[in-house]
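A.B. asks: The sequence and its predicted three-dimensional model are supplied below.
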Amino acid sequence: MVPELEKMNNIQSEELQALIQRIINSGVLGRSRTYGEILTYLADCAVNGNSPKEIAIAIDVLGRDVDFDVGKDSIVRVHIYHLRNKLKTYFDKFGKQEKYRLDIPKGQYILTAILATEIPTDSLSITGKPLKREAVTQWLAGIAIFLLLLNLGFQFTQDESDAETYTVASSSYIELGPWKEMFDDEAPILILVGDYYIFGELNDRGDVIRMIREFDVNSPEELVFLQEMGVEGTEKYFDLNLNYIPSSTAYAVTQITQILLKGVDSERINIKMTSEYTTADLANNHIVYLGYLSGLNELYNLMFAGSGLAIGSTYDELSNLNTGEYYVSSSGLSGADSYKDYGMLATFPSPNGYQVTMIAGMRDESLNSIVQQVANKAVLTEIKTSLDLDQDSSVAESSFEALFEVNGFDNTNFNSELIYTQSRDPAAVERLFGGN
């Protein structure tokens with residue numbers, strides 16, 4: 001038996017399968033079922049004492065032909081690399097209480113299970129580098145957040161009569177939307193801002209000529225991996241230690257903090273980038289996500305747990321699971337003056353009872369519009385009325401979703417229409433985290 005396979009002997013098959021299912025349910029493997037299928041395949045091999053070859057994974061899991069050339073096509077190695085990172089993400093964020101930790105040793109195609117108590121608690125990654133990346137992005141984001149909070153603090157220290165006016169204004173939203181739970185207690189409110197990793201492209205002189213965003217490259221480690229794999233063109237890419245947020249997100253944060261949360265103690269409000277999000281944040285805060293649908297990252301499965309909507313072939317497309325209708329953004333299309341864009345609102349309780357509210361647009365136009373709509377009492381009343389028609393109001397008010405269609409011309413929004421509402425089953429979120 002291969003020595004590493006012996007590390008599977010300390011976990012029962014049923015226990016291993018249950019752990020794998022929790023990993024899949026957590027959402028860290030993404031929308032594609034491929035990673036879950038590879039993980040299950042490797043687990044079956046480990047239980048049976050087999051060490052699969054690269055060609056076996058290509059044929060048995062990825063559906064390649066028997067003449068597949070592993071020397072010319074690195075698809076298996078790429079998938080294993082990403083799966084290894086996704087497993088690390090699960091145990092770092094969602095699986096800290098797991099008895100066993102699964103891993104895929106570098107250079108091999110086997111799955112190991114190690115008792116969590118046997119894992120050294122050092123501060124280094126598998127590369128020997130510190131786990132915490134000191135990036136320019138974080139420094140700049142820290143300054144931006146500090147300035148925003150400083151601005152909020154200034155607003156909250158206005159004279160008493162002015163503060164009372166804002167408190168009354170905020171109270172008008174308490175019974176009309178996803179904000180009721182946040183006003184009912186003194187728990188902290190965390191605003192998560194969708195951000196993106198970007199890298200530079202160098203010219204022959206070594207100068208950065210442009211910055212690039214690729215949805216499949218979300219960290220410096222993934223960029224280095226593509227370069228090490230020899231992917232064509234990546235030799236010109238350079239890690240700038242930068243992330244960015246869309247301009248509409250800053251506007252969204254301002255709308256939420258200055259209108260909907262006006263009157264809330266400023267010490268309760270914190271802001272963080274989604275790239276820095278942890279499971280502990282969900283466990284200890286009311287959450288408000290602001291950003292693009294494509295910026296959800298680890299929050300993707302949380303956003304769509306129990307939803308009647310699903311992401312289409314791109315993040316600029318949603319489908320209605322009940323009717324089959326598609327909602328596709330035309331914002332940003334070359335040569336198009338008029339456009340349609342879509343923004344989604346979802347709110348539901350977290351497993352710990354805090355409220356999670358997700359406000360996401362496909363593009364800038366819909367994000368700018370939807371934050372205005374959730375601050376519009378008439379629109380919130382319309383949502384509440386539509387949900388109350390055939391749903392338990394106590395459930396509908398705390399767990400529902402809505403979709404808005406935005407129409408515009410020449411980068412200017414002209415109207416926004418509520419086109420879809422549906423209540424959500426709060427138990428779907430609990431199941432995502434392994435609940436019954």
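C.D. replies: That came through, no problem.
A.B. asks: just checking, next helix/strand downstream of the helix or strand bottoming out on mean pLDDT in the chain?
C.D. replies: The weakest-scoring helix or strand in the chain, judged by mean pLDDT, DSSP states H and E, is helix 160-171 (a mean of 40). Sequence-wise, the next helix or strand downstream of helix 160-171 (DSSP states H and E) is helix 180-184.
A.B. asks: neighbouring contacts of whichever helix or strand comes after that following helix?
C.D. replies: Downstream of helix 180-184, the first helix or strand assigned by DSSP H and E is strand 189-193. Applying C-beta atoms under 8 Å, 6 or more residues apart in numbering, the contact partners of strand 189-193 are 182, 245, 249, 253, 256-257, 261, 264, 268-274, 277, 281, 285-291, 299. Every C-beta, even on glycine, is put in place using the N, C-alpha and C of the backbone.
A.B. asks: contacting residues around the residue lying closest to residue 38 once chain neighbours are set aside?
C.D. replies: The spatial neighbour of residue 38 that comes closest, neighbours along the chain excluded (C-beta to C-beta, 6 or more residues apart in numbering), is residue 61 at 5.3 Å. Residue 61 makes contact with 34, 37, 38, 41, according to C-beta under 8 Å, 6+ apart.
A.B. asks: For the residues you listed, point out the one with the lowest pLDDT.
C.D. replies: Among the contacts of residue 61, residue 34 has the lowest pLDDT, at 86.
A.B. asks: so what's it up against?
C.D. replies: By C-beta under 8 Å, 6+ apart, the neighbours of residue 34 are 61, 62, 79.
A.B. asks: Repeat the analysis, applying 6 Å as the threshold.
C.D. replies: Going by C-beta atoms under 6 Å, 6 or more residues apart in numbering, residue 34 touches no other residue.
A.B. asks: and if you look at residue 331?
C.D. replies: 339, 341, 363, 365.
A.B. asks: give me that answer again for 8 Å
C.D. replies: 316, 339, 340, 341, 362, 363, 364, 365, 366, 408.
A.B. asks: ok, now residue 433?
C.D. replies: 25, 26, 94, 351 are the contacts of residue 433 under C-beta under 8 Å, 6+ apart.
A.B. asks: Distance-wise, check the residue nearest to residue 355 when sequence neighbours are not counted relative to residue 347.
C.D. replies: Nearest residue to residue 355 in three dimensions, chain neighbours excluded: residue 181, at 3.8 Å (C-beta to C-beta, 6+ apart). Distance, residue 181 to residue 347, using C-beta to C-beta, to the nearest Å: 9 Å.
A.B. asks: Which pLDDT value goes with the residue nearest to residue 38?
C.D. replies: With respect to pLDDT, residue 61 scores 91.
A.B. asks: Now it: phi and psi?
C.D. replies: phi -110, psi -40 (degrees, to the nearest 10).
A.B. asks: What of residue 328?
C.D. replies: According to degrees, to the nearest 10, residue 328 has phi -120, psi 130.
A.B. asks: Skipping adjacent residues, who's closest to it in space?
C.D. replies: residue 317 (4.7 Å).
A.B. asks: Over to residue 298?
C.D. replies: residue 277 (5.9 Å).
A.B. asks: Can you verify my assumption that the one you found contacts residue 299?
C.D. replies: Yes: Residue 277 lies in contact with residue 299 (C-beta atoms under 8 Å); the separation is 7.0 Å.
A.B. asks: ok, now which ones touch residue 431?
C.D. replies: Contacts of residue 431 by C-beta under 8 Å, 6+ apart are 25, 305.
A.B. asks: Please tell me how far it sits from residue 297.
C.D. replies: 21 Å.
A.B. asks: do residue 49 as well
C.D. replies: In terms of C-beta to C-beta, residue 49 sits 37 Å off from residue 297.
A.B. asks: So for those two, which residue has more residues nearby?
C.D. replies: residue 297 (17 against 12; other C-beta atoms under 10 Å).
A.B. asks: ok, the nearest residue to that one once chain neighbours are set aside - contacts?
C.D. replies: The shortest distance from residue 297 to any non-neighbouring residue, by C-beta to C-beta, 6+ apart, is to residue 274 (5.0 Å). Counting by C-beta under 8 Å, 6+ apart, residue 274 makes contact with 192, 193, 194, 195, 289, 291, 295, 296, 297, 298, 299.
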